[in-house]
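Colleague: Quick one, structure for this:
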Amino acid sequence: MSDTPLRDQVLQTSSGQTEPAFVPHAGTYAGLRGATRQSGKNWNDAGLIVWVPDDAKPGKRLVDVAATDRRRADQQNPLKRRAPAPVTGRSSPTAAPPHPQPKDPAPAEAGPDLFTKSPARRPLARDRDAGGGASGADASAGAPLELQDAQQRRASDLTEEGKAYDNELKFLKLAKLKGALVDREDRQAAEVLRARRIRDRLRQLPNALAEELNPADPARAQRILKREIDATLNALADELAAAARENAGGDIEDDDADADPAPAPEHADA
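Modeller: Sure thing, here's the model as predicted:
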């Protein structure tokens, strides 16, 4: 196992460039793939983002870029997602005995008719017996009727799923344009900015009120006010961070890492 922390590991791209092997957010991964942060959220909701524990930060998680690429590639290939189980050891009760195969039969073409609404069916042996006129080679080259029906049903399911997904995206975009929906990251950024403004105003109070509260010893009043205000702000920050981590399933980074550290406890003034 590599001694390099996950956050510092890189991947070699096909163009000779490097990119991070692990990133902290689904939105960051989406940016690497030329998509929006909303796309990253949609992938995460669909279970396409592969998370791994962050070895440098207990309790945190990172996106495994290579594993996520593979999972998305598998999900986007309908042949891998919807491939029907092979039909073995079964034959139609009315089908005639199988005709001998030629030594070098031409491979059956997996053409676009497998995933259309009305795939063309090739004649089977029973069709030939009923007067279809197909030769033995043509009949044996066709897929079983049951397999063609299964492929048609799966193609229809894929079409309906695609329509439902498109309709849901249109609804969400329309709701966002009307103001009924707000991007979560934009809302969180606005809340953080508002909280910082409140914090800065509260931290100005000790300097502004110390002399008025205790003209004989304004420094003592300033220390007491600063201590109580910082304790209250730190407690509120811990509560908000815990609620945010719970709502996001642990996928939250500390946005205020550069804030002033908590003050050392002071002895109570006499």
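Colleague: Roughly how far does Ala242 sit from Pro58?
Modeller: As judged by C-beta to C-beta, to the nearest Å, Ala242 and Pro58 stand 15 Å apart. Quick note: C-beta positions are derived from backbone N, CA and C, even for glycine.
Colleague: Looking at these two now, which is surrounded by more residues?
Modeller: Ala242 (11 against 7; other C-beta atoms under 10 Å).
Colleague: can you pull the buried residues of the helix or strand in which the more buried one is found?
Modeller: Taking DSSP states H and E as the criterion, Ala242 maps to helix 218-248. Neighbour counts over helix 218-248 (16 or more other C-beta atoms under 10 Å) mark 218, 221-227, 229-230, 233, 237, 244-245 as buried.
Colleague: what helices or strands is the helix or strand encompassing Ala189 leaning on?
Modeller: In the assignment (DSSP H and E), Ala189 maps to helix 184-203. Applying 3 or more C-beta pairs under 8 Å, 6 or more residues apart in numbering; DSSP states H and E, we find helix 184-203 packed against helix 218-248.
Colleague: The helix it packs on - what's its average pLDDT?
Modeller: Averaging pLDDT along helix 218-248 yields 88.
Colleague: what's the answer for stretch 33-50, then?
Modeller: Throughout stretch 33-50, pLDDT has a mean value of 95.
Colleague: picking up where we left off before, tilt between the helix holding Ala242 and helix 184-203?
Modeller: 170 degrees (axes from the mean of the first three to the mean of the last three C-alpha atoms, to 10 degrees).
Colleague: Okay, now the unreliable bits of the stretch 51-200 of the chain?
Modeller: For the stretch 51-200 of the chain, the stretches flagged by pLDDT under 70 are 77-143.
Colleague: redo that, cut-off 90
Modeller: Along the stretch 51-200 of the chain, segments meeting pLDDT under 90 span 55-58, 74-152, 171-197.
Colleague: Need the buried residues of helix 218-248 in a markdown table (columns: distance to Leu158).
Modeller: Converted to a markdown table, the buried residues of helix 218-248 look like this (distance: C-beta to C-beta, whole Å):
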| residue | distance to Leu158 |
| --- | --- |
| Pro218 | 74 |
| Ala221 | 72 |
| Gln222 | 69 |
| Arg223 | 69 |
| Ile224 | 68 |
| Leu225 | 65 |
| Lys226 | 63 |
| Arg227 | 64 |
| Ile229 | 59 |
| Asp230 | 58 |
| Leu233 | 53 |
| Ala237 | 48 |
| Ala244 | 37 |
| Arg245 | 37 |
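Colleague: Just name the closest of those to Asp186, please.
Modeller: Closest approach between the buried residues of helix 218-248 and Asp186, by C-beta to C-beta: Ala244, at 14.8 Å.
Colleague: Against Asn234, how distant is that closest one?
Modeller: 16 Å.
Colleague: Could you do Val182 as well?
Modeller: 28 Å.
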